[in-house]
Each structure stands twice: as structure tokens, then as C-alpha cells.
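> The following comprises the amino acid sequence and a computationally predicted model.
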Amino acid sequence: MTPVQQLYWLITTLGNIAAVVIYLNWPGIWAGILLLCTVLYSLQGAYDLLYSPHTLNRLYPVLAYIRYMMESIRPEIQQYFIANNMEERPFNREQRELVYRRSKGVNDTLPFGTQQDLMQVNYLSIWHSLHPKVVKEATKRIRFGGPQCSQPYSSSLLNISAMSYGALSSNAIEALNCGAKAGDFSHNTGEGGVSPYHLKHGGDLVWQIGSGLFGCRNEHGRFDAEKFKQVATQNTIKMIEIKLSQGAKPGHGGVLPKAKITDEIAAIRGISQEYDCVSPAMHPECPTPVALMEFVAKLRDLSGGKPIGIKLCIGHPAEFLSICKAMISTGILLDFITVDGAEGGTGAAPVEFSNRLGMMCLEGTYIVHEALIGCGLKEDIRIIAAGKTASSFEMLAKLAVGADTVNAARTMMMALGCIQSRSCNTNHCPTGIATQDPNRTKALDIKAKSKRVTQFHHHTLHSLYELIGSMGLDDPALLTPGMLKRRTSEGLLESAPNIVPALEHKQLVDNHASALWQEWWHLANPEAFYIEDTAPLRAKTIPVQNL
């Protein structure tokens, strides 16, 4: 017997006898509580010893539950009492505190110097100028819509990234959209479709069409042109985004647990409530790059000429070049490309997919930007970077490597009050944001939280413009990758390196690019996405890592 098993038998025999004697001789509330405790302890221990499937319960009856309880609150203990300001992931305390302060409109300055390790390998920074400037007003919005688009959209530099109704509560969706309306920026619907909560406050929407085709699918789960047209032609829908993959789990379909599927969500998506809602990993309307471009043309026509784009996490660069080749061969152009980073993700994903698949946002954005330049397409196509973004410097870094605008998801959730409890997939979100539990949802004050979303957007952009101005620039478009400085393993500063060389206008199509780019270009096939990985990267320096 283990010592705990011996303790169990001691309490079950002598403990119960003693409790009965005390209760009979000195009856009272405390004697009754003692007897009740020993009896319940004996019954629970008997179950643990005889029937429990868990080894710990059999070896340590009753007391094993203390371990389970402590394990369940370990993240909270770690977050509040143990971890320092720089340790937590995915967002450390300093990043979360910055979001909270900016969303509340309170002092966001840092006293007594930085807590960052400025000598850390891969630490990114920028150089300031002794001649600061003011960013021009005309550069603070970006026009989306190429020559084939008849309804262009003027976008803010910072917008709300894709988060579906279903993954998020109705109040959270309302607060985000109301905040976007007040701040004049856009709100991506996520692949769950356009709900009444997206439309209630009139904020600009980017409608995401995922592989599940929610909101525009027929009874067989295929694309329904008439349903799409009815939604896409609404005034609040400003752009349409086809989701090919997402940073949290590239190569894996989205999942909405059945616990979150209410009658309303099932009706909006056109799905069953009996099973988890699993989107296919491959978009059914886009099996090849050419088919993707044909689908783009169809959506542009049905929507009345609104900007059409794609969202993807970059994997093999040659597969993205296949899309570029498809644009060139068909003459059908995308209006924008949203680059998701492997470090992104508001929802749950398999650990291996979150940890090991896809390029990070900075790397992927750089690849897309250079590929479009090399194909002569960049002038007409905008790039949205949708990786992890908490501060204006993280925005600046994405703009520097080629993004035109930036999308944020998790930090917009933090502006709503998210505490990074990491319970998004359980339906037990403690802040009423990532849940469909009506008791939790109703605690989220739409008016108050929408104001916080607007303020976070405003203060982050204000800081971005000051940061760009401090570099002696008056236009975000003047940022370049070389302006990012990286700390090397020798402790020196150098312009942030990239193992993939930059391209000049039409270098790829003219066959004048570097050997690596040319190998990818020749592998690219507009008739198929899959490319065999035969062009390994070889780096003498360490590539840029997570900010």
C-alpha cells in the first residue's frame, strides 16, 4: 500500500468510528460536519480504489484530486504570480498591458527604462533620425482595388482580422463592428459568414469565404451564386476574401466545436448541430491556381466589381508563384493578398500545426512582396499582413517588409477584455468573448467595449505615425526591409537579413532573377498547387524570428 492508501483505510475505519462517537456524545453542527466529511471521504475513496480508470486515483485515493485542481489553475498561477513581464506566450505581460492601456485611453508610457534584453540575438530595432517628420495625412489610408475593380475601397492601415461569429460571441462581434464603425476601419467576418451582428452597426466588412462556403453554400455544401450575390452586394460589404489557409493551422480546415453551434449559428452557416463544424482543408472551388483565378473573376462579377483577394499562410514559395503565373496566364488579377503568419491564430489548432507549419508573417509577407515585384504585379495588388501585432513597432516591421496594411485579431480581442486564458475552444471563455454561453456573453458590454476597440486602433496608429516620423519619413510606403536592424550572435547590429534575395520589376518573367528564385519560378505550375520541395534554403545567417 501507498501511504495515501494507508491513510484512507485509517480514516475509513478509525476516523469514521471516532466521528460517530463524537456525534453521539456531543451532537452539534461541527460534529455533524466532521461525520459527513469522513463518510464522503470514505465513499469517494472506495470509488477511486475500486472503479477509477486513473492510476493516480487508485494509488492516491481522494488526495489525487488536489493535483488535478492545482493543474487546472496552473496557467492562472503562472500568469499572475510567477511569470515576469517578458516570459509568457503568445503575448507577454508587457504586450497585453500595452493593449489594455491603449484601449482604455490611459497612460501607455514606460517608466524607468526598457525591460527588454537589447543584446538578445535577433532583437529587432530601428534607427531614428535627427530630423523627425510628420506623416502626411494623404498616406494614412490605402486604396484597395486594381484596374479590374469598379468599387475600390479606402482602407485604414490597421483593421480587424478574421474572427467568425460562432468562434466569438454575438456581443463580441457587435462590439468589434461598432468599434470599427466609430474608428473608420474594417472588420473581417471570418469564415463563419455574415451574421446579423456584423451588420447591426454598419461598420465596413470584409467578407471571408472559407472552404466551408458558409453563407453562400447550397444543400450539398457547394457554392451558391445567388446566395453570394444577395450578401456581397450589400453596401456594408466592402471587400471579399477567399481563405485558402490560415496561420494557426495551414493545411488544416477550421473547426467549430458542436458545443458552440447554436440554432442561429447552424442557420447562418447552413450546418448541422449534431457534429463539430469542420471546414475542408482544401477550398472546393479552388483546386488549382487557374481555377482560383476563375473563381475570383466570378466573385468580382457577382459582387458588382468589389475588391477580391485571398488569404493564405505561405508555405513553399513556388506554390505562391503558381498563383502569380495563373494571374499572368489568365489576365485575372487579385486586388489584395492577406498573408497570415504561422505565429497567428485566435482559435484552437493541433499542436503540431501551430508549432511547425508555415512561414512567419514577416517572412511570408516579404516573399509575397518580392514575388509580386518580380512578376510585375505589385502596382495593382495590395498586401495585408495578418500576423501577431500588439504594438506599433510590430506594425512597422510588417510594413517595412512589404505590407500595405495590417490586420490584428487577438489584440482586438484583448481590447474587448480578453485575458489570454486560452480557453477559446472550451465554450467557457471567462470574458464572454469566445463563447456561446448566453450567461457569459451577456456580461460583455457592447457600448463600453466597442469604445475600447476604437481607442486601441486610434492610439496604436498614432504611435505608428510618430515612430515613422522619428525615422525621418513622412510616408509609411518609404519603409524598407533594410531599415529593420537585427542583433547578431556576435552582438553587432546589421540590417535584418533575408536568405531570399530581393527582386526588381519583372525580374522573374524576364528570367533575370537569382538562382533560387529562378528555380522556384520554373517549378511553379498554374495548373496545380503542389510543388515538390527540391530547392532547399541555405543560410549563413540566422533569419528574422518572431518579434
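Sure, I can see it.
> Distance check, Leu372 against Ile308.
Distance, Leu372 to Ile308, by CB to CB, to the nearest Å: 16 Å. In this view, the C-beta of every residue, glycine as well, is placed from N, C-alpha and C.
> higher neighbour count, these two?
Remark: of Leu372 and Ile308, Ile308 carries more neighbours, 31 against 24, as counted by other CB atoms under 10 Å.
> where does the more buried one land on pLDDT?
On pLDDT, Ile308 comes in at 98.
> Could you do the one 4 residues further on as well?
At Leu312, the predicted lDDT confidence score is 95.
> Share the number of residues neighbouring the nearest residue to it once chain neighbours are set aside, please.
Ranked by CB to CB, 6 or more residues apart in numbering and with sequence neighbours excluded, the top spatial neighbour of Leu312 is Leu244, at 4.3 Å. Applying other CB under 10 Å, we find 21 residues neighbouring Leu244.
> Who are the contact partners of Leu244?
His283, Cys286, Leu292, Ile310, Lys311, Leu312 (CB atoms under 8 Å, 6 or more residues apart in numbering).
> switch to 6 Å and redo it
Contacts for Leu244 were tallied using CB atoms under 6 Å, 6 or more residues apart in numbering; they are His283, Ile310, Leu312.
> Could you export the residues you listed as TSV, including neighbour count, distance to Ile17 and secondary structure?
Below are the contacts of Leu244 laid out as TSV (neighbours: other CB atoms under 10 Å; distance: CB to CB, whole Å; DSSP: H, G, I helix; E, B strand; the rest coil):
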residue	neighbour count	distance to Ile17	secondary structure
His283	22	70	coil
Ile310	25	74	strand
Leu312	22	70	strand
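> would a markdown table of the residues you listed with distance to Leu24 be doable?
Listed next are the contacts of Leu244 as a markdown table, based on distance: CB to CB, whole Å:
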| residue | distance to Leu24 |
| --- | --- |
| His283 | 74 |
| Ile310 | 78 |
| Leu312 | 75 |
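> from those residues, which is closest to Arg422?
Leu312 (25.3 Å; CB to CB).
> May I have the beta-bridge partners of the closest one?
Beta-bridge partners for Leu312, by DSSP bridges, are Val339.
> you'd agree it is up against Ser245?
Yes. Counting by CB atoms under 6 Å, Leu312 touches Ser245, with 4.8 Å between them.
> can you give me the strands in the stretch 251-400 of the chain?
Per DSSP state E, counting those that start in this stretch, the stretch 251-400 of the chain carries strands over the ranges 255-256, 277-278, 308-313, 336-340, 382-385.
> what angle do the third one and strand 336-340 make?
I take that to be strand 308-313. Per axes from the mean of the first three to the mean of the last three CA atoms, to 10 degrees, the angle that strand 308-313 makes with strand 336-340 is 20 degrees.
> what's the closest of the strands of the stretch 251-400 of the chain to Leu416?
strand 255-256 (19.3 Å).
> quick one: average confidence on the closest one?
What strand 255-256 shows for mean pLDDT is 77.
> Make 403 the starting number, not 1.
Okay, using 403 as the starting number, the last item reads as strand 657-658.
> That one pairs with which strands, parallel or anti?
If you go by DSSP bridges, strand 657-658 pairs up with strand 679-680 (antiparallel).
> which residues touch the partner strand?
By CB under 6 Å, 6+ apart, the residues outside strand 679-680 that reach it are Gly655, Val657, Leu658, Ile673.
> could you redo the last one with a cut-off of 8 Å?
Applying CB under 8 Å, 6+ apart, the contact partners of strand 679-680 are Gly568, Gly614, Gly655, Gly656, Val657, Leu658, Lys660, Ile663, Arg671, Ile673.
> Next, count neighbours for the fifth one.
Counted by other CB under 10 Å, the residues lying close to Val657 total 18.
> ok, now the first one?
Gly568 is flanked by 29 other residues according to other CB under 10 Å.
> Give the full set of residues in contact with Gly605.
Leu578, Asn579, Cys580, Gly581, Ala582, Lys583, Ser588, His589, Thr638.
> separation between Ala845 and Gln838?
Ala845 sits 13 Å away from Gln838, taking CB to CB as the criterion.
> Look at those two and report which has more neighbours.
The residue with more neighbours, out of Ala845 and Gln838, is Gln838; 22 against 14, by other CB under 10 Å.
> While we're on the more buried one, how confident is the model there?
pLDDT at Gln838 comes out at 91.
> and it, which of the three is it?
coil (DSSP: H, G, I helix; E, B strand; the rest coil).
> Quick check: it touching His830?
No. Using CB atoms under 8 Å as the test, Gln838 is too far from His830 to be in contact (10.6 Å).
> picking that back up, wait, which of the contacts of Gly605 is closest to Ala564?
Of those, the one sitting nearest to Ala564 (CB to CB) turns out to be His589, at 9.5 Å.
> Check the burial of the closest one by counting its neighbours.
28.
> my guess is it contacts Leu578, does it?
Yes. Using CB under 8 Å, His589 is in contact with Leu578, at 5.6 Å.
> my guess is Tyr470 is in a helix, correct?
Yes. Checked against three-state DSSP, Tyr470 lies within a helix.
> okay, now it: neighbour count?
Neighbour number of Tyr470 under other CB under 10 Å is 11.
> Confirm Trp609 sits in a strand?
Yes. Assessed by three-state DSSP, Trp609 belongs to a strand.
> list the contacts for it?
Contacts of Trp609 by CB under 8 Å, 6+ apart are Thr591, Val596, Gly617, Val633, Ala634, Ile639, Met641, Ile642, Glu643.
> switch to 7 Å and redo it
Listed by CB atoms under 7 Å, 6 or more residues apart in numbering, the contact set of Trp609 reads Thr591, Val596, Val633, Ala634, Ile639, Ile642.
> and the gap between it and Phe697?
Taking CB to CB, one finds Trp609 at 14 Å from Phe697.
> Show me the shaky parts of the chain.
For the chain, the stretches flagged by pLDDT under 70 are 746-750, 899, 941-949.
> how about the helices of the stretch 553-702 of the chain, start to end?
Here the stretch 553-702 of the chain has its helices, by DSSP state H, counting those that start in this stretch, at 572-585, 598-601, 627-634, 665-671, 691-704.
> Please tell me how far the first one is from the chain's geometric centre.
Computed by CA atoms, centre = their mean, to the nearest Å, the separation of helix 572-585 from the middle of its chain amounts to 17 Å.
> again with the shortest one
Here helix 598-601 is found 21 Å from its chain centre; the criterion is CA atoms, centre = their mean.
> which residues are contacting it?
The contact list for helix 598-601 (CB under 7 Å, 6+ apart) reads Tyr567, Ser572, Ile575, Glu576, Asn579, Thr591, Leu607, Thr638.
> and if we set it to 8 Å?
Tyr567, Ser572, Asn573, Ile575, Glu576, Asn579, His589, Thr591, Leu607, Gln636, Thr638.
> about what we covered before: out of the contacts of Leu646, which is nearest to Ala937?
In terms of CB to CB, no member of those lies closer to Ala937 than Leu714, at 19.5 Å.
> Touching, Ala898 and Leu526? I think so.
Yes. Using CB under 8 Å, Ala898 makes contact with Leu526 at a distance of 6.5 Å.
> So which of the two has more stuff around it?
The neighbour count for Ala898 versus Leu526, taken as other CB under 10 Å, is higher for Ala898 (23 against 20).
> quick one, what contacts the closest residue to the more buried one other than its chain neighbours?
Nearest in space to Ala898, with sequence neighbours left out and distances taken as CB to CB, 6+ apart, is Leu886 at 3.9 Å. Contact analysis of Leu886 by CB under 8 Å, 6+ apart lists Leu526, Ser527, Ile528, Ala799, Ala802, Val803, Ser897, Ala898, Val946.
> Quick check: the farthest pair among those residues?
Ser527 and Val803 (14.9 Å).
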